[in-house]
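A.B. asks: Have a look; sequence and predicted model below, questions after that.
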Amino acid sequence: MQRIKFIDRMSTGKLTRREMLKSATAFGVGLTVLPRLTAAAEVLTCLEWAGYDVPDYFGSYVGKHGGPPNFSIFAGEEDALAKVRAGFAADVMHPCNYSVNRFVTAGLTVPIDTAKLSNWKDIFPALQTADGVMSGSDVVMAPADWGNSSIAYRPDLIGDAFKDGETWAIFYDEKYKDKVALLDDYLVIQIGAMVNGMPYDQAYKLSGADLEAAKAMAAKAVQINRMLWTDATEIQQGLASGEIIAAYSWNDTIKNLSAQGIPIAYAKPKEGYFTWFCGLTLLNSGKADPALAYDFIDAWLSPETGKVLIEGSGYGHANMKSFEVAQADAIVAMGIKDPVEHMKSAILFKTMPNEVVNEQNKVWEELKALKQ
Amino acid sequence: MPDAMPRQTAAGFSGLAAGYALLSPAMLIIVAMLVAPMLALVTLSFWTQNGFELDTSFTLANYWALIEPADEPTMWMGIPFPFKNPVYAILMLKSLVMSLAVTAAVILIAYPMAYFLAFRVTRYKALWIIIITIPFWTSYLLRVFSWKIMLGFNGVINSGLMSLGIISEPLSFLLYNPPAVVITLTHAWVTFAVLPIYVSLEKIDRSLLEAATDLGDSKWQRFRRVTLPLSLPGTISAALLVFIPTVGDYVTPTLVGGPGGTMIGNSIQSLFLKQDNSPRGAALSIVMMAIVALLSLLFMWAVGYRKIRARSA
């Protein structure tokens, strides 16, 4: 009632200046006090890929702290980077070997003290010092998951021509118009160049006139592809219904669709297939206690998480012990259990120079916009 | 009487003060949420992005980049765009055309609904209005997403037509193109248009209609000469209410448009979030706002909005 009276008196002009000021001050003081009250116990905030926010991936963290951290989901590392740079306060981010350098260059990361991670000693030694994990003498990314990027296809629908010679050219071929789906990423330009015979070592850093020349293939892909996906569930639904018969995909698509009894195969294209490893990076924008962040990272590196990852989605894990506890047939299904061997047999995504990322991004966005 | 004057002024003054006092919460919100971000956007548009840093020296380069001419025009849909970065102009034009299509469709659908509500419904009017606003109870995103299910490859329309034996394999042209965006936006915005049109139809003095009939107008003539002109204020505000926000929409094209359905909002989003060029994104937003404002003014001038208002007042 007090409040209604106040508004009444204000509207009839009976309120004195003094009373007005007093109320305004009370409101202002209230405003400044509010955020401080909530700041008392900051919750850990993680920038994470869609699907990785499931508690199974960080069970020991949930066990210790009673619940999952806050998640903010991103579709690609550039989204996450823009968000953090615009002032979003996150403690932990999940970049990959080829993208972590963007965060380091932007001055957003904090080196990881591996002594605080109980599972670090069991990480594959080659991964502990791999390019992307180390920046100078600092560890900037704790490697966690690794896997492939190749073509998932429906062997029952695709026809023998493709099965006899698996190739990335299917995404640039008029014959497969509206039947295929690539990732919404400038990688489409690089793969296009590879189809035309350029090795990945050159294609990943295409710029200037060479990039202009590579545009034609990518423009063709934009016309031919049914969609350019940003979320793996889009292609999983598309492949399941037969709307698309081939898609750029990660291991989890194969795992999920074969679990549903849908005929699905993972290609080894003649131009090569890609591999990547991702991990967790500490950001300097975080507000939570760093100990929470270390607990979260440590949970991700645990063999229990590795078991879930290997059995549930067909990805590899950075912890050697994961392969001892995971089901043998799941490991066999993956085909390979040593990340070093694995990365030798495939093309490891590389860190692109910052200017090239921006240039390829710009060209890619324009190509999509120009679709008629 | 001379001594009455100052008292009256004092009362008028305190009335004015009370008016502003009542307005102040809304004013504060507008200043904090609209004016301040706008000023920030304008400032940002005069800066440049330099890697991860912002170069804060004043420049018009971002605006120049939007209209910088090129020797060789880029052809799109048979229209030449003589710009070095033709994407912005092309997307602007495309967004305007798509939004106009949405606006036209919305008015065509909403007008009969509002007409029915104003003239035919006599009982339970409040209930009818609640029923019309039911779509608002669901999130906008969900409504957009449900169109993906409707128009999808094994969606409602395709499986319906297939079970009827009209088509033998699913139609793929339903989704991931500009028409899909227009359909989805139309559905999402119809409700916004019904209410203002309904209000202006409801306000029409029924004796005018009787007079028109008495003087020999047919039903159609009566509608064209009395009902339609008198309902124009609501219809025009409904059209603007739909046109202005849909030009910059980016969620709908992202979900149902595919690359072909991209609109100017997607380009702005990508400049801010992916291309690491927020100053140019800011410049593009401001140019978009200016164009939309100009078109809205032109539209109001063309339909003689001021005369209509004066007449209905």
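C.D. replies: In hand now; what should we look at? Residues are numbered from 1 along each chain as shown, chains lettered A, B, ... in the order given.

A.B. asks: Check what pLDDT residue B:263 gets.
C.D. replies: Residue B:263 carries a pLDDT value of 92.

A.B. asks: my guess is it contacts residue B:92, does it?
C.D. replies: No - taking contacts as Cβ atoms under 8 Å, residue B:263 lies outside contact range of residue B:92: 9.1 Å. Bear in mind the C-beta positions are built from the backbone N, C-alpha and C, glycine included.

A.B. asks: Those two: who's more crowded?
C.D. replies: residue B:263 (28 against 20; other Cβ atoms under 10 Å in any protein chain shown).

A.B. asks: which residues sit in contact with that one?
C.D. replies: Shown in contact with residue B:263 (Cβ atoms under 8 Å, 6 or more residues apart in numbering or on different chains): B:91, B:94-95, B:98, B:181, B:247-250, B:253, B:257.

A.B. asks: If we use 7 Å, what do you get?
C.D. replies: The contact partners of residue B:263, by Cβ atoms under 7 Å, 6 or more residues apart in numbering or on different chains, come to B:91, B:94-95, B:98, B:249-250, B:253.

A.B. asks: backbone phi and psi for it, please?
C.D. replies: Residue B:263 adopts backbone torsions of phi -120, psi 180, taken as degrees, to the nearest 10.

A.B. asks: Look up how far residue B:178 lies from it.
C.D. replies: In this view, residue B:263 and residue B:178 are 9 Å apart by Cβ to Cβ, to the nearest Å.

A.B. asks: So the one residue in the stretch 101-250 of chain B that gets nearest to chain A, which state does it fall into?
C.D. replies: Per Cβ to the nearest Cβ, residue B:153 is where the stretch 101-250 of chain B lies closest to chain A, at 3.6 Å. The three-state assignment at residue B:153 reads coil, by DSSP: H, G, I helix; E, B strand; the rest coil.

A.B. asks: pretty sure it is in contact with residue A:240, am I right?
C.D. replies: No - using Cβ atoms under 7 Å, residue B:153 makes no contact with residue A:240, being 10.3 Å away.

A.B. asks: For stretch A:238-255, give me every contacting residue.
C.D. replies: By Cβ under 7 Å, 6+ apart, the list of residues contacting stretch A:238-255 reads A:147-149, A:151-154, A:157-158, A:170, A:179-183, A:226, A:232, A:235-236, A:257, A:260, A:262, A:264, A:266, A:313-315, B:153-154.

A.B. asks: Sorry, wrong one. I was asking about stretch A:190-201.
C.D. replies: Residues outside stretch A:190-201 that contact it (Cβ under 7 Å, 6+ apart): A:168-169, A:172, A:203-204, A:206, A:214, A:217-218, A:221, A:271-272, A:347.

A.B. asks: which among these gets closest to chain B?
C.D. replies: residue A:221 (9.8 Å).

A.B. asks: so who does that closest one touch?
C.D. replies: With Cβ under 7 Å, 6+ apart, residue A:221 has these contacts: A:171-172, A:182, A:188, A:192.

A.B. asks: Report the beta-bridge partners for the residue nearest the centre of chain A.
C.D. replies: Nearest residue to the geometric centre of chain A (Cα atoms, centre = their mean): residue A:49, 4.4 Å. For residue A:49, the beta-bridge partners are residue A:74 (DSSP bridges).

A.B. asks: among the contacts of residue A:221, which are in strands?
C.D. replies: When DSSP state E is applied, those are split such that residue A:182 fall in strands.

A.B. asks: Can you name the residues of the stretch 1-150 of chain B sitting close to chain A?
C.D. replies: Neighbours of chain A within the stretch 1-150 of chain B, by Cβ under 7 Å from any Cβ of the partner chain: B:14, B:17-18, B:21-22, B:51-52, B:76-77, B:87, B:90-91.

A.B. asks: List just the nearest of the residues you listed to chain A.
C.D. replies: Using Cβ to the nearest Cβ, the residues of the stretch 1-150 of chain B next to chain A come closest to chain A at residue B:14, 3.8 Å.

A.B. asks: is it fair to say that closest one lies in a helix?
C.D. replies: Yes - assessed by three-state DSSP, residue B:14 belongs to a helix.

A.B. asks: So what's the residue count around it?
C.D. replies: Counted with other Cβ under 10 Å, residue B:14 comes out at 14.

A.B. asks: Against residue B:20, how distant is it?
C.D. replies: For residue B:14, the distance to residue B:20 (Cβ to Cβ) stands at 11 Å.

A.B. asks: Equivalent analysis for residue B:275, please.
C.D. replies: Distance from residue B:275 to residue B:20, counting by Cβ to Cβ: 44 Å.

A.B. asks: So for those two, which sits in the more crowded spot?
C.D. replies: More crowded of residue B:275 and residue B:20, by other Cβ under 10 Å: residue B:275, with 24 against 10.

A.B. asks: just so I have it, where are all the helices in the stretch 1-150 of chain A?
C.D. replies: Using DSSP state H, counting those that start in this stretch, the helices of the stretch 1-150 of chain A run over A:2-11, A:17-38, A:59-65, A:77-85, A:100-105, A:125-128.

A.B. asks: Helices along the stretch 151-300 of chain B, start to end?
C.D. replies: Counting by DSSP H, counting those that start in this stretch, the helices of the stretch 151-300 of chain B are B:156-163, B:178-202, B:206-214, B:219-222, B:228-247, B:251-252, B:264-273, B:278-302.

A.B. asks: Stretch B:85-105: which residues count as buried?
C.D. replies: Neighbour-count burial for stretch B:85-105 flags B:85-92, B:94-96, B:98-103, B:105 (criterion: 16 or more other Cβ atoms under 10 Å in any protein chain shown).

A.B. asks: how about the helices of the stretch 151-300 of chain A, start to end?
C.D. replies: A:160-164, A:187-195, A:200-203, A:208-224, A:232-241, A:251-259, A:290-301.

A.B. asks: Burial-wise, tell me which of these comes out on top.
C.D. replies: Most buried of those by mean neighbour count (mean count of other Cβ atoms under 10 Å in any protein chain shown) is helix A:187-195; its value is a mean of 24.

A.B. asks: Keeping just the C-alphas, turn it into CSV.
C.D. replies: This file holds the C-alpha atoms of helix A:187-195, laid out as CSV (Å, rounded to 0.1, in the frame of the first residue of the first chain):
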residue,chain,number,x,y,z
LEU,A,187,36.5,-25.1,-44.6
VAL,A,188,34.2,-25.5,-47.7
ILE,A,189,36.6,-23.2,-49.6
GLN,A,190,39.6,-25.3,-48.5
ILE,A,191,38.0,-28.6,-49.3
GLY,A,192,37.0,-27.2,-52.7
ALA,A,193,40.6,-26.4,-53.4
MET,A,194,41.7,-29.8,-52.3
VAL,A,195,39.2,-31.4,-54.7
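
A.B. asks: Now do that helix against helix A:208-224: the angle between them, please.
C.D. replies: 100 degrees (axes from the mean of the first three to the mean of the last three Cα atoms, to 10 degrees).

A.B. asks: pLDDT on helix A:187-195, on average?
C.D. replies: For helix A:187-195, the per-residue pLDDT averages 96.

A.B. asks: roughly how far out does that helix sit from the chain middle?
C.D. replies: 20 Å (Cα atoms, centre = their mean, to the nearest Å).

A.B. asks: Name the SS class of residue B:74, please.
C.D. replies: Quick answer, by three-state DSSP: residue B:74 is strand.

A.B. asks: give the contact list for the residue nearest to residue B:177 when sequence neighbours are not counted.
C.D. replies: With sequence-adjacent residues excluded and distances taken as Cβ to Cβ, 6 or more residues apart in numbering or on different chains, residue B:177 is closest to residue B:260, at 5.0 Å. Contact partners of residue B:260, counting by Cβ under 7 Å, 6+ apart, are A:371, B:176-178.

A.B. asks: out of the contacts of residue B:263, which are inside strands?
C.D. replies: Per DSSP E, the subset of the contacts of residue B:263 in strands is empty.

A.B. asks: Just send those residues back as CSV, with pLDDT too.
C.D. replies: Formatted as CSV, these follow (pLDDT from 0 to 100):
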residue, pLDDT
B:91, 93
B:94, 94
B:95, 95
B:98, 95
B:249, 92
B:250, 91
B:253, 92
